[in-house]
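**Student:** model the structure of this input:
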Amino acid sequence: MVRAYEEWFGGYAIDPAHVLGRTFEGAGYHDIVLLRDIPVRSVCEHHMAPIRGVAHVAYLPGERVVGISKLARLVDAFARRLQIQERLTQEIAHTLDRVLQPRGVAVVIRAAHECIASRGVDMQGVAMMTRCLLGRFEREPFRREILSTLNAPAGT
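**Tutor:** Got it, this is the predicted structure:
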């Protein structure tokens, strides 16, 4: 049980900003960098019930880019803490913004919460979506472009 809890809540031992520590010069790349369908496995801090879903993380590079595995690790570092989805979404976006200093950041998470599926209203198949848009993604036309890109079917 101890090993399981250490794994499930291992995000407290990780400095998420450190995950993004190794960056590369952008080599003039200034279009959207997007990693879709990053698995999210977390635990609701209110009910200690599982949260399962996917995150989509995008940014408009400034001077630096980061390896795409680092984006997935950033999501995982915050998800492996007791969480609420709203805070999880913002923590990922604000850390990426602070460390990489891109021109824009977009984080969207879609997840199912066992607290609603297994107790209380007992509703199956309900998903919650949260998003945090920063920088250029807060304004048109970038806002419309990133939201349509995130809503496009996978593989497009």
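
**Student:** wait, Leu82 touches Pro50, no?
**Tutor:** No - contact criterion C-beta atoms under 8 Å: Leu82 and Pro50 do not qualify, at 11.7 Å. C-beta coordinates here come from the backbone N, C-alpha and C atoms, glycine included.

**Student:** so for those two, which residue has more residues nearby?
**Tutor:** Using other C-beta atoms under 10 Å, the more surrounded residue of Leu82 and Pro50 is Pro50, with 17 against 14.

**Student:** quick revisit: between Leu82 and Pro50, what contacts are shared?
**Tutor:** The contact sets of Leu82 and Pro50 overlap at 42-44 (C-beta atoms under 8 Å, 6 or more residues apart in numbering).

**Student:** name the member of these with the most neighbours.
**Tutor:** Going by other C-beta under 10 Å, Ser42 tops the shared contacts of Leu82 and Pro50 with 26 neighbours.

**Student:** can you check the pLDDT for that one?
**Tutor:** Ser42 is assigned a predicted lDDT (pLDDT) of 95.

**Student:** doesn't it lie inside a strand?
**Tutor:** Yes - judged by DSSP: H, G, I helix; E, B strand; the rest coil, Ser42 forms part of a strand.

**Student:** where does pLDDT dip in the chain?
**Tutor:** Counting by pLDDT under 70, the chain contains low-confidence ranges at 26-27, 116-123, 153-156.

**Student:** wait, doesn't Val126 sit right on Arg110?
**Tutor:** No - applying C-beta under 8 Å, one finds Val126 not in contact with Arg110, separated by 11.1 Å.

**Student:** okay, those two: which has more neighbours?
**Tutor:** Taking neighbours as other C-beta under 10 Å, Val126 and Arg110 compare with Arg110 leading, 17 against 10.

**Student:** between the shared contacts of Leu82 and Pro50, which sits nearest Ser69?
**Tutor:** Using C-beta to C-beta, Ser42 comes nearest to Ser69 of these, at 19.2 Å.

**Student:** and the gap between the closest one and Pro61?
**Tutor:** Ser42 is 28 Å from Pro61, where distance means C-beta to C-beta, to the nearest Å.

**Student:** quick one: buried residues of stretch 63-79?
**Tutor:** For stretch 63-79, the neighbour count (16 or more other C-beta atoms under 10 Å) marks 65-66, 70-79 as buried.

**Student:** which of those residues sit farthest apart?
**Tutor:** Greatest spatial distance among those (C-beta to C-beta): Val65 and Ala79, at 22.7 Å.
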